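Need the 3D shape of this:
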Amino acid sequence: MSNSRMIVPALCAGVFVVGTSEYPVAGLLPQVGTSLHLSVGTAGQAVTVYALDVVIGGPR
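Next comes the predicted model:
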């Protein structure tokens with residue numbers, strides 16, 4: 001494969017990873033909250049803030 005044909009799959013993989021990176025953390029919110037001495041709701045807000053940052057600061 002030439003370099004130009006590899007760009008699109010690489011970009012798609014990057015978008016997928018960035019777009020789905022907050023999902024694994026959602027299942028671990030109780031453990032994250034406990035280890036950081038936060039409530040589950042506060043730990044969940046950290047995931048929400050990250051997701052909003054991705055939406056606002058992501059490439060357009």
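
ok, and what's touching stretch 13-27?
For stretch 13-27, contacts defined as Cβ atoms under 8 Å, 6 or more residues apart in numbering pick out 32, 44, 47, 50-51, 54, 58. Using the backbone N, CA and C atoms, a C-beta is placed for each residue, glycine as well.

what does stretch 31-45 give?
25-26, 29-30, 46.

got any ranges where the protein has weak pLDDT?
1-2, 59-60 (pLDDT under 70).

Please enumerate the strands of it.
In chain order, the chain shows no strands, with DSSP state E as the criterion.

Now stretch 45-58: buried residues?
46-47 (16 or more other Cβ atoms under 10 Å).

Please work out how many residues are found near residue 25.
16 (other Cβ atoms under 10 Å).

Residue 52 versus that one, what's the distance?
14 Å (Cβ to Cβ, to the nearest Å).

Any figure for the gap between residue 15 and residue 38?
From residue 15 to residue 38 the distance is 30 Å (Cβ to Cβ).

centroid residue for the protein?
Closest residue to the average C-alpha location of the chain: residue 21 at 3.0 Å, with Cα atoms, centre = their mean.

Quick check: the gap between that one and residue 6.
In terms of Cβ to Cβ, residue 21 sits 22 Å off from residue 6.

ditto for residue 14
Residue 14 is 12 Å from residue 6, by Cβ to Cβ.

And residue 18, by the same measure?
18 Å.

Same question for residue 43.
With distances taken as Cβ to Cβ, residue 43 is found 38 Å from residue 6.

same question, residue 15
Using Cβ to Cβ, residue 15 is found at 15 Å from residue 6.

repeat for residue 44
For residue 44, the distance to residue 6 - Cβ to Cβ - is 37 Å.

go on, residue 48?
34 Å.

Between residue 15 and residue 38, which has more neighbouring residues?
The neighbour comparison of residue 15 against residue 38 (other Cβ under 10 Å) goes to residue 38, with 15 against 12.

how many neighbours does residue 42 have?
Neighbour tally, residue 42, other Cβ under 10 Å: 13.

ok, back up a step: using a markdown table, lay out the contacts of stretch 13-27 together with distance to residue 10.
Formatted as a markdown table, the contacts of stretch 13-27 follow (distance: Cβ to Cβ, whole Å):
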| residue | distance to residue 10 |
| --- | --- |
| 32 | 30 |
| 44 | 31 |
| 47 | 26 |
| 50 | 23 |
| 51 | 23 |
| 54 | 18 |
| 58 | 16 |
